[in-house]
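Undergrad: Show me how the following folds:
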Amino acid sequence: MEKSNVISRLTNQLEDSMQVKQKQSFLIFNTIRRPPVYNALYAATSAQNMEASMFHLGYYNAEVKFNADTVNRKVKVKYTVEAGNPTRIDTLRYRLQVPELQQLAEKNVNRTLLKKNTPISKLGVQTEIARLVDTFRNNGYYKITAAELKLLGDTSIAALTTITDDPFEQLELLAQAEAQRDSPVIRLAFILNKPDDTTRIDKYYINKITILPDYIPGDVLDDPTMFEKIHQGVIIRYRQNLFAPAFLVRNLQMKSGNVYRQIDYYRTIANFSKAAVWETVNIRLIETPGESNKLDVVVELMASKKFGFEASIETSYSANSNTNNALAGNLFGISGNLSLSNRNIRKEGIKMTHRLRAGIELNNNNRQKDARLVNSQELSYSNNISIPRLITPIKSLNNKYFEASETFINFYAALNNRLDLFNTQTFNLNYGWGYIDKRNLRWTFKPINIEFNYLFNQTDSFTRILDSIPFLRYSYNTAFIAGMSAGVSHTYKYKRSARAVSRERFIRLNIEESGLTWGAIPIANKYKRRYIKTDFEYKYTVNYENTALVARVFTGVGVSFGKDTTLPFFKQYFGGGSNSMRGWPIRGIGRGAQQLVPFGQNIFNDRTADLQLEANLEYRYIIARIIPNSLTLRGALFLDAGNIWNLRNSNPSGGVDSAQFRFKNLYKELGVSAGTGFRLDFNYFVLRFDMGFRIKRPELSHRRAGWNIPDIGFDDVFSKLFGRKEENRKWRYENFNFTIGISYPF
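TA: Numbers count the residues shown, from 1 in each chain. Sure, this is the predicted structure:
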């Protein structure tokens, strides 16, 4: 065991009156609050607690001593721990007397944590007892508990009890005994502690299964006002015909006549809960009256409301405009969202959700001559259907390999108006499956993925921009996508450790293609785009009592084929904004070392590309609990690094392209931003304000590899961040970005 973990464990054994409480201020200063009065009795009790804690770790001969030094009315208490060697496991045996229990224990012995030559610990013993109980309950022993298992340990030294007439052999045995005193071992045996109630070690079988799909607290099984149906041997008693019998039975993992298995009990609860059409799910197990070793199962389901309605407002703010329009100031976006859900179509838990979204982006500099109040407009509608099972030709696939599954059909249509630039109409349709396998991997597969993006009403100024920038000319055009996509993600949560409250790892991999599988069929070839695109994301989170550290890495690349030289613009990567490189406005960083358009020029400046690399690090902490359990003010320090690049040379002359990815230039062309943020945490959502400064600018890669700490001090911080003079606006355009977002950035 790590020394630091042992020290942390021992520190937790201090009596409350021996603990010095500290408060952290400004992240670096620690202040002692209300230091306790020293009491030798509490110090001695703490030492005893430490010895008990060491005993639980297998250090049976550990001793803890303490001494107190008093200087200037201050007491310093020092604890000395003489741990000795831990007692290690020599052998592990099972003597359970019941043949089937003995067989089950020996069959799964490889899963035990009590391995030979490892230290014995209380946690290891408790874990092994829990494992045995779960194993037995998953094989019919419904009533068995930890009380029916008992552990015996023998630490006697065999060399001292062995009799021999050979004096040389006796000396050898004594030498072995002395060595064992320095490295003590223990022989373990689990035995069955037979209870007074012998049914506790009986094997049980499932008898009758009854489902109450519209259960109300207080209902009884023989209520004469209920209707009754029997489907595949399962009794269904109900007041209203809200759910199809096949749907109810399909969620059962238990079957009449089968051996009771605890894992089937929990899976049944999980299946009904994931259906999202019941508020609460409860299963009662009743010993069948008049019959031994049989259980009646009663599933009690409290139905939710069939329809759900939600309304929300989203806002975004950027201190810089990526249009570089001299008349454009800071951009403020606001959108309204309405959704209507039907959670139980066809009485089978099929969910359909309609969403309507309308948004505009406003320019706060609209008072100037010829300036517009509205920069862009968006209107969209989506329809999502989720069927809580896999609809495939292989009927047994649904429950045989997966813990949970769904079939989905998604449709999306949107109209976007970028004023003075262009309009787009978007239509998406995809069909696929999502499921979680036995390893808790979450898979998504879309065998049908169709997207059509129609670009129209292009202004003369935008056409001239496309003619002058070939990369944009290849990207911004009408495109048709037909192909497949697949993705997998996994979240691994670690158990609480001595240092952290929790740790979590998240990994996601996604790949999609167009025009290479069924999309190769000659349909709409004029607009069809051919490519392969893949994304990878890794996130690691460590949560402490009042702080958290989050690290994230993202990489994405898209490769086009045939006549296509780049991905379509709505599939390209971009950086900047509230969830990416926060020192830049959305679509404001890159490509590569490409120069920023001079401040004040009216030129379209969306930066998108085929390759993105990004890494983020964020330290989160609590500033104040404004309203306990309702509103918390949180702070954050963050560091973002990354950029986007072209994969192919987009220079018409074939010369050097500063936007093309070259590994030798990677370090120079990485952008880096650092900043701070404030978050209002309302428990159900988080309102976020982030201020990012660009400390490494890709367009300056020719000078000090782009490192350029913003020139700002206490004497001009307010004028540069909030001043309306042109020089201050230019400084913000080149060095700073402020965003408002909802929820955490990643």
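Undergrad: Would you map the helices across this structure?
TA: Remark: helices assigned in the chain by DSSP state H are 3-11, 40-56, 99-107, 122-137, 158-161, 167-182, 245-250, 262-274, 397-400, 460-468, 470-475, 666-669, 717-722, 726-735.
Undergrad: can you tell which of those is closest to M352?
TA: Closest to M352 of the helices of the chain is helix 245-250 (CB to CB; 15.5 Å). From N, CA and C alone the C-beta is placed, and that goes for glycine too.
Undergrad: follow-up on the earlier one: figure out which of the helices of the chain is closest to F574.
TA: Closest among the helices of the chain, using CB to CB: helix 470-475, at 11.3 Å.
Undergrad: that older thread, tabulate the helices of the chain in TSV, adding columns for mean neighbour count, mean pLDDT and distance to I448.
TA: Listed next are the helices of the chain as TSV, based on neighbours: other CB atoms under 10 Å; pLDDT from 0 to 100; distance: least, CB to CB, whole Å:
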stretch	mean neighbour count	mean pLDDT	distance to I448
helix 3-11	13	73	51
helix 40-56	17	86	57
helix 99-107	15	92	45
helix 122-137	17	90	42
helix 158-161	12	44	70
helix 167-182	12	53	69
helix 245-250	18	94	25
helix 262-274	17	92	24
helix 397-400	15	54	18
helix 460-468	13	73	32
helix 470-475	20	60	25
helix 666-669	17	94	37
helix 717-722	13	87	49
helix 726-735	17	88	44
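Undergrad: mind checking which of those helices is nearest I622?
TA: helix 3-11 (21.4 Å).
Undergrad: quick revisit: can I get the helices of the chain in CSV including distance to L549?
TA: Below are those laid out as CSV (distance: least, CB to CB, whole Å):
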stretch, distance to L549
helix 3-11, 17
helix 40-56, 28
helix 99-107, 42
helix 122-137, 26
helix 158-161, 51
helix 167-182, 42
helix 245-250, 43
helix 262-274, 32
helix 397-400, 39
helix 460-468, 43
helix 470-475, 37
helix 666-669, 25
helix 717-722, 27
helix 726-735, 27
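Undergrad: Skipping adjacent residues, who's closest to A414 in space?
TA: Nearest in space to A414, with sequence neighbours left out and distances taken as CB to CB, 6 or more residues apart in numbering, is S380 at 3.7 Å.
Undergrad: So for the one you found, what pLDDT did the model give?
TA: Looking at S380, its pLDDT is 95.
Undergrad: If it is in a bridge, with which residues?
TA: With DSSP bridges applied, S380 shows beta-bridge pairing to R357, A414.
Undergrad: Surely it is in contact with T424?
TA: No: with contact defined as CB atoms under 8 Å, S380 does not count as touching T424 (11.2 Å).
Undergrad: A246: what's it in contact with?
TA: Shown in contact with A246 (CB atoms under 8 Å, 6 or more residues apart in numbering): 231, 348.
Undergrad: now the one 10 residues further on
TA: S256 is in contact with 206-209, 233-234, counting by CB under 8 Å, 6+ apart.
Undergrad: Which PyMOL command selects the buried ones in the residues you listed?
TA: Typed into PyMOL, the line below selects the buried ones among the contacts of S256, using 16 or more other CB atoms under 10 Å:
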select buried, resi 206+207+208+209+234
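Undergrad: Out of the contacts of S256, which is nearest to A147?
TA: Closest approach to A147 among the contacts of S256 (CB to CB): I206, at 24.5 Å.
Undergrad: Report the contact partners of that closest one.
TA: When contacts are counted by CB under 8 Å, 6+ apart, I206 touches 254-260, 294-295, 297.
Undergrad: per-residue confidence at it?
TA: Reading off the confidence values, I206 has pLDDT 97.
Undergrad: do the same with R499
TA: pLDDT recorded at R499 is 63.
Undergrad: Could you do L331 as well?
TA: Confidence at L331, expressed as pLDDT, is 67.
Undergrad: Likewise for the one 5 residues further on?
TA: In the prediction, the pLDDT value recorded for G336 is 90.
Undergrad: for R648, same thing?
TA: The score at R648 is 85. That number is its pLDDT.
Undergrad: Start at 53, not 1
TA: I'll keep to 53 as the first residue from here, and by that count the last item is R700.
Undergrad: Run through the residues that contact it.
TA: Counted by CB under 8 Å, 6+ apart, R700 has contacts 617-618, 662, 712.
Undergrad: Distance of it relative to D587?
TA: With distances taken as CB to CB, to the nearest Å, R700 is found 20 Å from D587.
Undergrad: And I335, by the same measure?
TA: Taking CB to CB, one finds I335 at 40 Å from D587.
Undergrad: M743 too?
TA: For M743, the distance to D587 equals 28 Å [CB to CB].
Undergrad: How many residues are close by Y267?
TA: 21 (other CB atoms under 10 Å).
Undergrad: cool, and the one 4 residues further on?
TA: By the measure other CB under 10 Å, the count of residues near D271 is 15.
Undergrad: Give the closest residue to it in space, chain neighbours not counted.
TA: In space, and not counting its chain neighbours, D271 is closest to L264: 6.1 Å by CB to CB, 6+ apart.
Undergrad: dump the residue contacts of the residue nearest to L165 when sequence neighbours are not counted.
TA: Using CB to CB, 6+ apart and skipping residues adjacent in sequence, the residue nearest L165 is G176, 4.8 Å away. Contacts for G176 were tallied using CB under 8 Å, 6+ apart; they are 165-166, 170.
Undergrad: Which one of those residues is nearest to F558?
TA: Of all these, L165 has the smallest distance to F558: 26.7 Å, by CB to CB.
Undergrad: I'd say the closest one and Q178 touch.
TA: No: if you go by CB under 8 Å, L165 and Q178 don't touch, sitting 9.9 Å apart.
Undergrad: any idea how far G192 is from A198?
TA: G192 is 18 Å from A198, by CB to CB.
Undergrad: D249 too?
TA: Counting by CB to CB, the gap from D249 to A198 is 15 Å.
Undergrad: circling back: ok, the residue nearest to D271 - how many residues close by?
TA: Neighbour tally, L264, other CB under 10 Å: 23.
Undergrad: show me what contacts it?
TA: Here L264 is in contact with 271, 273, 289-290, 350-353 (CB under 8 Å, 6+ apart).
Undergrad: Same check on T340?
TA: With CB under 8 Å, 6+ apart, T340 has these contacts: 259-260, 346-348.
Undergrad: Among those residues, which ones are in strands?
TA: Among the contacts of T340, the members found in strands (DSSP state E) are 259-260, 346-348.
Undergrad: Kindly indicate which of those lies nearest V116.
TA: Closest to V116, out of all of the ones in strands among the contacts of T340 and judged by CB to CB, is L347, at 50.0 Å.
Undergrad: looking at the sheet around that closest one, what are its partners?
TA: With DSSP bridges applied, L347 shows beta-bridge pairing to I258, E339.
Undergrad: is it true that it touches I261?
TA: No: using CB under 8 Å, L347 is not in contact with I261; the gap is 9.6 Å.
Undergrad: my guess is G388 meets R409, correct?
TA: Yes: using CB under 8 Å, G388 is in contact with R409, at 7.2 Å.
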